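Enquirer: Fold the following for me, if possible:
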Amino acid sequence: MKKFKLLCLVGMIAVLPLLIGCATPYPLGFVYTKLTLPVSAESDVQSMKTGESECLSVLGLVAIGDISYQEAMDDGGITKVNHADWEVENILGVIGKYKLIVYGE
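Expert: Now for the predicted structure:
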């Protein structure tokens, strides 16, 4: 009976990562995801410069980086934003790379 309880516990722990974070604000492939998604921003600024900010996620447990608009604007020397795109790359839910690309002057 103890072995059965241990087996059930191990099975639940193994399945738990598949159930966490199933609802996402972007399309997600189970095995591999690579997307570029638009982010809304309105301005009459010409898209002359680009700047990027990014972060990295490991196992959905640890995420590091600064993916803010301000970081992307600083990276590209941008003072006025025209629009932005969001790139997502995720492999088996283990490694996720998220990038914000800002366009402006």
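Enquirer: I'd guessed Ile95 sits against Gly60; true?
Expert: No: here Ile95 does not reach Gly60: they are 10.1 Å apart, not a contact under Cβ atoms under 8 Å. Every C-beta, even on glycine, is put in place using the N, C-alpha and C of the backbone.
Enquirer: Against which helices or strands is the host helix or strand of Ala84 packed?
Expert: Here Ala84 is covered by strand 81-91, with elements defined by DSSP states H and E. Secondary-structure packing of strand 81-91 (3 or more Cβ pairs under 8 Å, 6 or more residues apart in numbering; DSSP states H and E): strand 32-39, helix 69-76, strand 95-104.
Enquirer: Please point out which parts of it sit buried.
Expert: For strand 81-91, a neighbour-count test (16 or more other Cβ atoms under 10 Å) marks 81-86, 88, 90 as buried.
Enquirer: can you give me the mean pLDDT across whichever strand or helix holds Leu56?
Expert: Counting by DSSP H and E, the element that carries Leu56 is strand 49-58. Mean per-residue pLDDT for strand 49-58: 90.
Enquirer: Next SSE downstream of it?
Expert: Immediately after strand 49-58, counting by DSSP H and E, sits strand 62-66.
Enquirer: same for that next one, what does it pack against?
Expert: strand 49-58.
Enquirer: who's in contact with the strand it packs on?
Expert: By Cβ atoms under 8 Å, 6 or more residues apart in numbering, the residues outside strand 49-58 that reach it are 63-69, 71-78, 90, 94-105.
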